[in-house]
Every structure is written in structure tokens, then in C-alpha cells.
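Chemist: Pasting the sequence and the predicted coordinates here, then a few questions.
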Amino acid sequence: MPTFKQAIELPHPVERVFSWHRRPGAFERLIPPFEDVRLIGRSGDLTNGGTVTLGVKKAGIRVRWHLRHTEFEENRLFSNEQVSGPFAAWEHRHRFTPTESGHCVLEEEVKWEPPLGALGELMGGGVAQRELRRLFDFRHARLANDLARHASAPAGSGPLTVAITGQSGLVGRALTSFLESGGHRVIRMVRRRPPEGSADVYWDYRREVIDLEGLAGADAVVHLAGEPLSEGRWDADKKRRIHESRSKGTRFLSDSLVRVRPRPRVLVSSSAVGFYGDRGNQRLVEGSPPGKGFLAEVCKDWEAATSSAEQAGIRVVHLRAGVVISGEGGALEPMLLPFKMGAGGRLGRGDQYISWIDHDDLVGLIHHALVHPSLGGPLNGTAPHAVTNGTFTGTLGRVLNRPTLIPVPSLAIKALFGEKGRALLLEGARVLPKKAEDSGFRFFFPGLEESLRFQLGRPA
């Protein structure tokens with residue numbers, strides 16, 4: 001069978017690296033955002049007999065991939081093999097070896113037999129090797145970064161019990177798996193009543209219902225829930241839902257946390273760079289005044305809604321997040337198809353600033369805010385280098401190896417999307433992460449091109 005091997009030396013003890021792989025969330029963290037892979041089900045764990053079922057889509061065809069864990073030796077190795085799926089055979093071994101310096105060498109070996117036997121190997125062997133290289137480059141980079149994030153936490157800061165609203169969203173899913181794989185416990189706060197025996201916590205700000213007992217013992221709360229901005233046209237009803245889901249939802253949550261015993265020590269409440277409005281080329285930091293317009297007003301009320309928690313002594317962080325760069329979806333998803341078809345181009349004049357942040361860096365920044373007691377108040381969740389729309393367009397085209405010759409006029413955007421198009425696509429602000437950098441936070445992807453290449457699996 002063809003064999004693929006790749007190794008990485010990690011500056012951590014074998015026990016720490018092996019434990020990371022055994023925890024909930026580790027498998028999800030290692031699924032590349034640029035691959036259409038869904039975790040359908042699992043049973044057991046890495047010890048012999050545990051199973052994982054994935055939904056994998058390639059060339060427009062979705063298949064189920066059933067894997068079973070086979071070999072297992074604590075702090076030394078574990079393996080899995082295909083029970084059924086897209087290959088004629090598949091074996092994947094992870095081997096952990098200590099170095100004299102106390103580091104861990106992780107070597108991964110894949111043996112596979114392509115479908116159609118020798119013909120499949122002749123037609124797809126080289127492609128498979130390239131795809132495996134792309135896959136494991138990503139896996140090893142994310143593993144190294146996640147381990148570094150957790151190791152950088154101050155002594156005595158964990159493990160934490162963290163309750164999360166909006167857990168099913170783009171950021172919430174990633175934050176959950178990141179925290180769990182790092183040894184923290186996550187309480188999922190859900191808007192539908194969970195089944196009997198579930199550890200999920202039910203809450204609904206519209207009905208003013210919340211399971212306070214389920215939040216007892218939470219050290220921290222991360223509030224990410226809110227009506228999506230990008231879905232649908234901004235008519236009066238949509239704007240009301242956007243505003244109420246943030247102001248009323250946050251106020252109800254804050255008022256409720258005051259009644260929890262013991263109270264959580266910190267609330268990280270999502271906000272957005274929309275706080276600053278349309279500000280052209282101004283360099284904006286956390287102390288800059290708010291802007292004007294619908295989004296600025298929403299953000300001001302959103303942040304003010306945590307006042308009861310602050311007055312009760314809960315440390316509150318307002319995470320003013322920028323445009324999130326992720327291969328899983330979000331703001332980048334609707335841009336990719338026209339670019340891949342060669343129809344990408346700048347929006348309007350192209351000089352409006354996009355304050356963006358890599359998906360992994362945003363998750364890391366939330367963790368940083370949770371474990372650093374000195375952080376409070378507004379915290380800009382943006383990369384150090386905001387770019388204009390024209391620069392963003394050119395960079396994305398270069399990463400995708402596609403032309404960017406077809407600009408979209410401002411009038412067309414306003415006609416198609418109305419107020420939403422003007423606010424989200426034609427206006428901008430140059431927002432700098434001063435407090436994050438001053439507090440020692442490390443951006444693993446400070447540049448747009450390196451973030452896009454990582455998230456989309458497009459090596460230079």
C-alpha cells in the first residue's frame with residue numbers, strides 16, 4: 001500500500017501532547033476548514049474499539065467514512081483504520097516519542113489503498129500524496145498553535161468551566177473544541193429545551209427563561225449569540241431583531257448572571273468593529289469614540305447592556321470583533337465562488353478599510369481574555385494590519401490564483417443589498433488591536449495573505 005509520513009517536534013512533554021489528543025474537541029480541531037467534512041457520530045475513545053463516523057464530500061459526492069480505533073499505548077501511540085468509506089483500505093498511526101530535551105516528536109503515518117486498485121493508484125496516487133501533505137501541514141500547524149496558546153496561560157488560571165452562548169455558530173464551535181481539547185469544561189447554552197439528562201443549559205431572553213442552576217460553577221461566560229447580520233435584507237423587522245437580540249439578550253443574560261451563585265468571574269461579551277462606524281483612514285483604538293449609523297448604535301447599546309454584571313463585580317470584556325477569516329464559512333464564504341470563477345473584484349471605490357482577524361487568532365484572543373484578569377472593557381478583536389478592500393481583493397485573488405478584474409460599482413451594491421450593503425461592504429474602519437498587543441497577546445496570523453493561505457489550504 002502507498003505510505004505517507006510526516007513528523008513535527010513540539011516543545012511540550014509527550015504526556016501533554018498525548019493528553020491533548022485524547023480530550024473532547026481534539027478531533028474537531030484537526031479537521032481542516034477547507035475540507036467539506038462533518039462529524040456525524042462517535043462512540044468510545046482512542047482506546048481499542050472506539051469509532052468515528054464522518055460525512056466527506058469530494059467532487060460533489062458525499063460519502064460516509066467509518067473509522068475504528070485499533071492500537072493504543074498510553075503516551076506512545078494510537079491508530080485507526082477504515083471500516084468502510086472512500087478508500088479500499090486506510091490505516092493511520094500516531095506515534096509519540098520523547099526527545100532528550102523533553103520535547104515530543106509526533107510522527108503520523110498513513111497507509112492507504114485507493115479505490116479501483118492499481119488503476120486508482122495510477123490515476124490518483126500523486127494527487128493523494130499532495131492532498132495528504134496539505135492536510136497534515138494544516139493539522140500540525142494548528143496543533144502547535146493550540147498547544148502554545150494553552151501553555152501561555154498564566155499559572156493557576158485553569159482549568160476553567162466556561163458557559164458559551166451562540167455555541168453552534170462559526171466562532172462558538174471553534175471556541176468550544178479549542179477549550180475542551182485544552183482541558184477546560186464547556187457548558188453549552190442553547191435556545192431549545194435540551195433532552196432529559198443533557199448537560200446543556202436552556203435560556204431564552206424573549207421568554208426571560210434561564211436555567212440558573214445549570215450555570216452554577218461556571219467560572220466564565222462567553223456571549224456570542226445574536227441575530228445574523230448578513231442574512232436577509234435589512235428591513236425594519238430585521239433591524240429590530242438585530243438590535244433586540246444584542247441589547248435585550250445581553251441585558252437579560254447579564255441580569256441573570258448576577259443571580260448565579262457563585263457568580264462567574266468574567267463575562268466576555270461579543271461586540272463588533274461596527275462600534276466605530278465609517279471612519280476612513282483614521283487609526284482607531286479601544287479609547288476612540290463611537291461612530292454614527294445603525295451598527296454603531298447597536299454596538300453602543302450592546303455594550304451598555306452588560307452594566308448590571310459590571311456593577312456586581314463581574315469582569316466584563318467587550319470583544320469588538322472584525323471580519324473573521326475562516327475557510328469554514330462566515331464573511332469569506334460568499335466571496336469565494338465569484339473569485340474562483342474569475343469574476344472577483346473590488347467593491348465600490350475599494351479604499352474602505354476592512355478590519356479583519358484570522359479565525360484561530362480570534363478564538364485565541366477570547367481565551368486570552370478569559371485567563372488574563374487585567375483585561376476589561378473594550379478589546380479590539382482585529383489583526384494588527386487592517387487593509388483596504390482593494391488590497392483585500394488583490395490578496396484573495398493571488399491566494400486563489402484568480403484574476404480580480406471586475407469591480408462591483410457602489411450603485412449596484414446599494415441596489416442589491418440596500419442599507420446592509422452600504423454598511424457591511426462599502427463602509428469601513430481601520431481598527432488596531434492595541435490592548436491585545438499591550439497585554440502580550442501573540443497573533444499567529446498577523447498578515448492577511450498568511451491567514452488566507454492557512455484557512456483555505458493554499459500554500460505559497
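Modeler: Yep, that arrived.
Chemist: mind checking pLDDT for residue 143?
Modeler: Residue-level confidence at residue 143 comes out at 98, pLDDT.
Chemist: And what about it, helix, strand or coil?
Modeler: Residue 143 carries the three-state label helix when classified by DSSP: H, G, I helix; E, B strand; the rest coil.
Chemist: What is the neighbour count of it?
Modeler: When neighbours are counted by other CB atoms under 10 Å, residue 143 registers 21. All C-beta spots, glycine's among them, are computed from the backbone N, C-alpha and C.
Chemist: From what I see, it and residue 8 are in contact.
Modeler: Yes. The pair residue 143 and residue 8 qualifies as a contact (CB atoms under 8 Å) at a distance of 7.5 Å.
Chemist: residues shared between the contacts of the two?
Modeler: For the pair residue 143 and residue 8, residues contacting each of them under the criterion CB atoms under 8 Å, 6 or more residues apart in numbering are residue 106.
Chemist: could you give the mean pLDDT of the longest strand along the chain?
Modeler: The strand that spans the most residues within the chain, counting by DSSP state E, is strand 61-73. Taken as a whole, strand 61-73 has an average pLDDT of 94.
Chemist: Sheet-wise, list the partners of it with their directions.
Modeler: Sheet pairing for strand 61-73, assigned by DSSP bridges, gives strand 51-58 (antiparallel), strand 77-84 (antiparallel).
Chemist: Which residues belonging to it are considered buried?
Modeler: Buried residues in strand 61-73, defined by neighbour count with 16 or more other CB atoms under 10 Å: 65, 67-72.
Chemist: For burial, what's the neighbour tally of residue 303?
Modeler: Here the count is done by other CB under 10 Å, and residue 303 has 23 residues near it.
Chemist: residues making contact with the host helix or strand of residue 178?
Modeler: Using DSSP states H and E, residue 178 maps to helix 170-181. Here helix 170-181 makes contact (CB under 8 Å, 6+ apart) with 20, 23-26, 28-29, 146, 149, 160, 162, 164-167, 186, 188, 222, 224, 270, 321, 324, 326, 328-330, 359-360, 362-364, 366-367.
Chemist: Can you tell me which of the buried residues of strand 61-73 lies closest to residue 345?
Modeler: Proximity of the buried residues of strand 61-73 to residue 345 was ranked by CB to CB; the top entry is residue 65 with 38.1 Å.
Chemist: so who does the closest residue to residue 303 other than its chain neighbours touch?
Modeler: Nearest residue to residue 303, sequence neighbours excluded (CB to CB, 6 or more residues apart in numbering): residue 318, at 4.7 Å. For residue 318, the contacting residues are 269, 271, 302-303, 306, 377-379, taking CB under 8 Å, 6+ apart as the criterion.
Chemist: quick one: strands adjacent to the host helix or strand of residue 318?
Modeler: Here residue 318 sits within strand 315-321, counting by DSSP H and E. Based on DSSP bridges, the strands next to strand 315-321 in the sheet, each with its direction, are strand 266-272 (parallel), strand 377-381 (parallel).
Chemist: Report the angle between the longest one and helix 170-181.
Modeler: Between the axes of strand 266-272 and helix 170-181, defined by axes from the mean of the first three to the mean of the last three CA atoms, to 10 degrees, the angle is 150 degrees.
Chemist: Could you list the buried residues of strand 266-272?
Modeler: For strand 266-272, the buried set under the neighbour-count rule, 16+ other CB under 10 Å, comprises 266-272.
Chemist: same deal with the shortest one?
Modeler: By neighbour count, with 16+ other CB under 10 Å as the criterion, the buried positions of strand 377-381 are 378-381.
Chemist: Among the residues you listed, which one lies nearest to residue 115?
Modeler: Nearest to residue 115 among those: residue 381, at 44.0 Å, using CB to CB.
Chemist: Give me the pLDDT for the closest residue to that closest one other than its chain neighbours.
Modeler: With sequence-adjacent residues excluded and distances taken as CB to CB, 6+ apart, residue 381 is closest to residue 321, at 3.8 Å. pLDDT for residue 321: 98.
Chemist: roughly how far apart are residue 321 and residue 35?
Modeler: Distance, residue 321 to residue 35, by CB to CB, to the nearest Å: 25 Å.
Chemist: Which one's more surrounded, those two?
Modeler: Residue environment comparison for residue 321 versus residue 35 gives the larger neighbour count to residue 321, 23 against 16, counting by other CB under 10 Å.
Chemist: which ones are touching the more buried one?
Modeler: With contacts defined as CB under 8 Å, 6+ apart, residue 321 is in contact with 171, 270-273, 357, 362, 381-382.
Chemist: okay, residue 201: pLDDT?
Modeler: The model reports residue 201 with a pLDDT of 96.
Chemist: got the contact list for it?
Modeler: 163, 187-190, 194, 210-211, 214-215.
Chemist: So which of those residues sits lowest on pLDDT?
Modeler: residue 194 (89).
Chemist: give the contact list for the nearest residue to that residue once chain neighbours are set aside.
Modeler: Setting aside the residues directly before and after it, residue 194 is nearest to residue 200 in space (CB to CB, 6+ apart), at 3.9 Å. With contacts defined as CB under 8 Å, 6+ apart, the neighbours of residue 200 are 187-190, 194, 214.
Chemist: so residue 321 bridges to which residues?
Modeler: Judged by DSSP bridges, the bridge partners of residue 321 are residue 272, residue 381.
Chemist: distance of it from residue 378?
Modeler: Distance, residue 321 to residue 378, by CB to CB: 11 Å.
Chemist: Between those two, which contacts overlap?
Modeler: residue 271.
Chemist: re the thing from before, identify those among the contacts of residue 201 that sit within helices.
Modeler: When helices are assigned by DSSP state H, the members of the contacts of residue 201 inside them are 214-215.
Chemist: out of the contacts of residue 201, who's nearest residue 451?
Modeler: residue 188 (27.7 Å).
Chemist: picking up where we left off before, now the strands paired with strand 61-73 as CSV including distance to residue 429, mean pLDDT and mean neighbour count?
Modeler: What follows is the strands paired with strand 61-73, written out as CSV (distance: least, CB to CB, whole Å; pLDDT from 0 to 100; neighbours: other CB atoms under 10 Å):
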stretch, distance to residue 429, mean pLDDT, mean neighbour count
strand 51-58, 37, 91, 15
strand 77-84, 47, 96, 17
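Chemist: one step back: which one of the buried residues of strand 377-381 is nearest to residue 402?
Modeler: Distance to residue 402 across the buried residues of strand 377-381 (CB to CB) is lowest for residue 381, with 28.6 Å.
Chemist: Kindly state the pLDDT recorded for the closest one?
Modeler: The per-residue pLDDT reported for residue 381 equals 98.
Chemist: just residue 148 next, same as before
Modeler: At residue 148, the pLDDT value in this model is 98.
Chemist: what's the neighbour count on residue 281?
Modeler: Here the neighbour count serves as a burial measure; for residue 281 (other CB under 10 Å) it reads 12.
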